[in-house]
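Trainee: What shape does this take:
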Amino acid sequence: MSQPERRKSPRFSVNVPVRVTSGADTFAGILKDLCRDAALVESQRAATLGSDVALALALPGTGGPLQVAGRVVRLGEGDHGGHDIAVLFTNLTSAAETRIEFFITLQQGG
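Mentor: Numbering: from 1, shown residues only. The predicted model follows:
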C-alpha cells in the first residue's frame, strides 16, 4: 500500500541544474521535482536536516536566474547514488512565487 500524498500542491518532475547554498557551503545539484511550496534536489553532497538553504536555478521559460530560500525537511537516497534533499520554501517573494506558478502552468500544458 502506498503512502498518501502529503504535499499541499501537486508536484511536477523536472531536470534542472541548481546550486544549493547552506551556510558557507555551495554545491551543485539537479532539481528533480517542484511544487508550489517545495522542491526535491538530488546532489552528490548531503545537507543537514532542518538547515536553511538557498536554491539558485533557472526554470525554463520563466526568464533568468531565480533564487529561493527554504528549509531542509527530508533527506533520502537519490536515484543516481546521490542524496535527495527535500526543501520546503520559506518567505517566497511574490516575484519568485509568480515565476514558480508560471512554470507549473507551462508544465500542465497551458
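
Trainee: At the geometric centre of the protein, which residue sits there?
Mentor: Ala39 (2.5 Å; CA atoms, centre = their mean).

Trainee: And Ala54, how close does it get to Ala28?
Mentor: Distance from Ala54 to Ala28, counting by CB to CB, to the nearest Å: 14 Å. Glycine gets a C-beta too; all of them are placed from N, C-alpha and C.

Trainee: what's the answer for Val68, then?
Mentor: From Val68 to Ala28 the distance is 16 Å (CB to CB).

Trainee: Look at those two and report which has more neighbours.
Mentor: Of the pair Val68 and Ala28, Val68 is the one with more neighbours under other CB atoms under 10 Å, namely 21 against 12.

Trainee: Could you confirm that one falls within a strand?
Mentor: Yes. Inclusion of Val68 in a strand is indicated when DSSP: H, G, I helix; E, B strand; the rest coil is applied.

Trainee: Do a quick rundown of the strands in this structure.
Mentor: Secondary structure of the chain, counting by DSSP state E: strands at 12-22, 25-35, 38-43, 52-57, 66-77, 83-89.
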